[in-house]
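S.K.: whatever this is, show me its structure:
(one chain, ligands or ions: 2)
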Amino acid sequence: MSRAGLTSSPQHNYETLAEESKVIRILVIGKTGNGKSSVCNTILGEDKFATGRSMASTTKEVQVAETEKDGDRIKVIDTPDVTNCEMDEQQMQAEVSRWRSLTSPCPDIVLLAIRCDVRYTKEEYDIYSQIKSLWGDGLRERLVVAFTFGDRQDQPIENELKTVCPELKRVLKDARQRYVVFNQTDTPEGRAKTVKKVLELARGSRPGHILPLLVITLVLVGLVCILLVVLYSLCGCKPVKLAAIIIGIVGMVYGVVVFALVLAVYWIPYPFITKLIRL
Ligand SMILES: Nc1nc2c(ncn2[C@@H]2O[C@H](COP(=O)(O)OP(=O)(O)OP(=O)(O)O)[C@@H](O)[C@H]2O)c(=O)[nH]1
Ligand SMILES: [Mg+2]
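M.R.: Numbers count the residues shown, from 1 in each chain. Ligands and ions are numbered 1, 2, ... in the order given. Reported below is the predicted structural model:
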């Protein structure tokens, strides 16, 4: 690794477990030239990674850089297009294993860079499929499409997505229709908005934020149900029985609403709900 402040090897030695939990890990993958390093630089807020227009791949090995935003450490992992680096199957597997260890225990978000100004092809889909199979389980769950070259769009992306090829539809299905449009030539305010969206998606997909809420909800609903049964069976007094039924119904409704909200956040991470349940 040649550039100051970057590293191509794991840096876990000095990180305590508590510190690790505050790190947001963003892995950027995709076809060569699709703007992966540019996406990383946008997230980092500075040009830490080399980008280029040459015919050969610019990024030849995985590289990592960090920044801090809103009290969180953001770790950005830029990757080479392994299918275009003259690697054999074993080398590709080793490279992807390095990505896994650099994002351990798992990336909060995997950005798949796709140009929105050129046709999406089966060949490009095969690159994604290959990375997916080299990675193994868990890549799809964290997938978000990063549409790059947003400045070259000539119609709103929503319209464009209605007529895309089956392969891109499959990718978007894997990503649960989650995407972010990147435009390297955007204003600083525009780029900050894009980064904000990425971080909201990354925070929203953290099971660490969802699981405690699920557990608390289930415990509360359980307690309410026990209270209901005790009150109902021990008490002969009609008003108390009525109160028990009301408490029971309120408890159930509360449980169902929170449970549905948590699931909605997991599947459709709307920023405002994400903020609401962030523990
Ligand atoms: N106009 C425009 N150019 C972009 C945008 N994003 C990236 N580029 C340019 O596209 C070229 C390739 O971008 P990179 O970020 O190097 O792409 P990469 O995917 O990292 O490429 P490799 O490292 O070779 O795999 C660079 O010249 C960038 O300046 C964008 O949103 N708009
Ligand atoms: Mg690159």
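
S.K.: CA only for contacts and neighbour counts going forward, please
M.R.: Noted.

S.K.: tell me how many other residues crowd S38.
M.R.: Neighbour count of S38, defined by other CA atoms under 10 Å: 25.

S.K.: what's the answer for the one 4 residues further on, then?
M.R.: Neighbour count for T42, taken as other CA under 10 Å: 20.

S.K.: hang on, it is in a helix, isn't it?
M.R.: Yes. Going by DSSP: H, G, I helix; E, B strand; the rest coil, the assignment for T42 places it inside a helix.

S.K.: can you pull the contacts of the residue of the stretch 101-250 of the chain found nearest ligand 1?
M.R.: Of the residues in the stretch 101-250 of the chain, the one nearest ligand 1 is F149, at a distance of 3.2 Å by CA to the nearest ligand atom. With contacts taken as CA atoms under 8 Å, 6 or more residues apart in numbering, F149 has the following neighbours: G35, R115, C116, D117, F182, N183, Q184.

S.K.: for it, phi and psi?
M.R.: Recorded main-chain torsions at F149 are phi 60, psi 40, according to degrees, to the nearest 10.

S.K.: in TSV, list the contacts of F149 along with neighbour count.
M.R.: Listed next are the contacts of F149 as TSV, based on neighbours: other CA atoms under 10 Å:
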residue	neighbour count
G35	26
R115	23
C116	22
D117	14
F182	26
N183	21
Q184	18
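
S.K.: out of the residues you listed, which are close to ligand 1?
M.R.: Contacts with ligand 1 within the contacts of F149, counted by CA under 6 Å from any ligand atom: G35, F182, N183, Q184.

S.K.: what about the closest residue in space to E68 that isn't next to it in sequence, which SS state?
M.R.: Counting by CA to CA, 6 or more residues apart in numbering, the nearest residue to E68 once its immediate chain neighbours are dropped is I74, at 5.6 Å. Each residue gets one of three states, and I74 gets strand by three-state DSSP.

S.K.: if I74 is in a bridge, with which residues?
M.R.: I24, T67 (DSSP bridges).

S.K.: what residues does the stretch 1-150 of the chain have near ligand 2?
M.R.: Taking CA under 5 Å from the ion as the test, the list of the stretch 1-150 of the chain residues beside ligand 2 reads S37, T59.

S.K.: okay, now the unreliable bits of the stretch 1-150 of the chain?
M.R.: Screening the stretch 1-150 of the chain residue by residue with the criterion pLDDT under 70, one finds the ranges 1-21.

S.K.: one more time with 50
M.R.: 1-15, 17-18 (pLDDT under 50).

S.K.: which parts of it sit against ligand 1?
M.R.: Along the stretch 1-150 of the chain, the residues adjacent to ligand 1 under the rule CA under 6 Å from any ligand atom are 32-38, 51-53, 57-59, 80-81, 148-150.

S.K.: all strands for the stretch 1-150 of the chain, in order.
M.R.: Here the stretch 1-150 of the chain has its strands, by DSSP state E, counting those that start in this stretch, at 23-30, 63-69, 72-78, 109-115, 143-148.

S.K.: could you point out which element follows the last one?
M.R.: Along the chain past strand 143-148, the next helix or strand (assigned with DSSP states H and E) turns out to be helix 157-161.

S.K.: quick one, the next helix or strand after that following helix and strand 143-148 angle?
M.R.: Scanning the chain past helix 157-161 towards its C-terminal end, the next helix or strand to appear is helix 166-174 (assignment: DSSP H and E). Angle, helix 166-174 to strand 143-148, by axes from the mean of the first three to the mean of the last three CA atoms, to 10 degrees: 130 degrees.
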